[in-house]
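>>> Quick check, what structure comes out for this input:
(chains A and B)
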Amino acid sequence: SQTIHQWPATLVQPVGSPLSLECTVEGTSNPNLYWYRQAAGRGLQLLFYSVGIGQISSEVPQNLSASRPQDRQFILSSKKLLLSDSGFYLCAWSVRGEQFFGPGTRLTVL
Amino acid sequence: GESVGLHLPTLSVQEGDNSIINCAYSNSASDYFIWYKQESGKGPQFIIDIRSNMDKRQGQRVTVLLNKTVKHLSLQIAATQPGDSAVYFCAELNQAGTALIFGKGTTLSVSS
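Coordinates of the predicted model:
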């Protein structure tokens, strides 16, 4: 069966510090991968999606970036965090439209 | 542009009642929709999906209805239980077929 992992589960970072969130998927090949952000009490905002290794599409211009170094690995990064980057970050994978979400990373930028 | 929304931000029901959560979408060309349930502090969980060639689909205690004429989607939960308390999101596959567009969510509260 397929599983998706995200780490860390929670993270507190100072403004201006770098960020690296990792997502890995097991049990499937060549999935589409997604990064979403969810502010408190709000819906999900699509940040990036990837249909293959090295292929990244950005949905919202901002100080975040994403990379897909391996088929089942998706990384969300920032060189300098802003206060507004706080939120719940969710990774998801899909093969035929239906998306499955990871457990999320709660990021607090102070 | 593409957008998906929900009619009500909150819904409160009694245990055992049936719940109906509504969603309106704007893209008449959309052909795939999903309902997700998100419990506090967790990622969204797939509940049920429907394609545009159907107007109704049933799962275990849940039914999704699609009315393409008025671009309306609803999720019906039968015999609602306290464990159904969560935020429910509808989502629509974008025109390119590459990503889902999520609505803002409805918070369902079930009281015993």
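
>>> Stretch B:64-82: end-to-end distance?
20 Å (CA to CA, to the nearest Å).

>>> which other residues reach that stretch?
Contacts to stretch B:64-82, defined as CB atoms under 8 Å, 6 or more residues apart in numbering or on different chains, come from residues B:13-28, B:33, B:35, B:47-50, B:52, B:54-57, B:61-63, B:84, B:88, B:90, B:108, B:110-112. For the C-beta atoms, the positions are set from N, CA and C on the backbone; glycine is no exception.

>>> in that stretch, what counts as buried?
By neighbour count on 16 or more other CB atoms under 10 Å in any protein chain shown, the buried set for stretch B:64-82 is B:64, B:65, B:66, B:71, B:73, B:74, B:75, B:76, B:77, B:80.

>>> Please identify which two of these are farthest apart in space.
The largest separation in the buried residues of stretch B:64-82, counting by CB to CB, is between B:71 and B:80 at 25.8 Å.

>>> Could you say which helix or strand holds the nearest residue to residue A:48 once chain neighbours are set aside?
Once flanking residues are discounted, residue A:48 sits nearest to residue A:66: 3.9 Å by CB to CB, 6 or more residues apart in numbering or on different chains. Assigned by DSSP states H and E, residue A:66 falls within strand A:64-70.

>>> chain center to that strand: distance?
Relative to the mean C-alpha coordinate of its chain, strand A:64-70 is positioned 9 Å out (CA atoms, centre = their mean, to the nearest Å).

>>> and it, what does it pack onto?
If contacts are counted by 3 or more CB pairs under 8 Å, 6 or more residues apart in numbering or on different chains; DSSP states H and E, strand A:64-70 sits against strand A:44-52, strand A:55-58, strand A:73-78.

>>> Make TSV out of those strands and add mean pLDDT.
Formatted as TSV, those follow (pLDDT from 0 to 100):
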stretch	mean pLDDT
strand A:44-52	92
strand A:55-58	91
strand A:73-78	96
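
>>> Tell me which of those sits nearest to residue B:101.
The closest of the helices and strands packed on strand A:64-70 to residue B:101 is strand A:44-52. By CB to CB, the value is 7.5 Å.

>>> How about the closest one, which residues are buried there?
Within strand A:44-52, the residues that count as buried by 16+ other CB under 10 Å are A:44, A:46, A:47, A:48, A:49, A:50.
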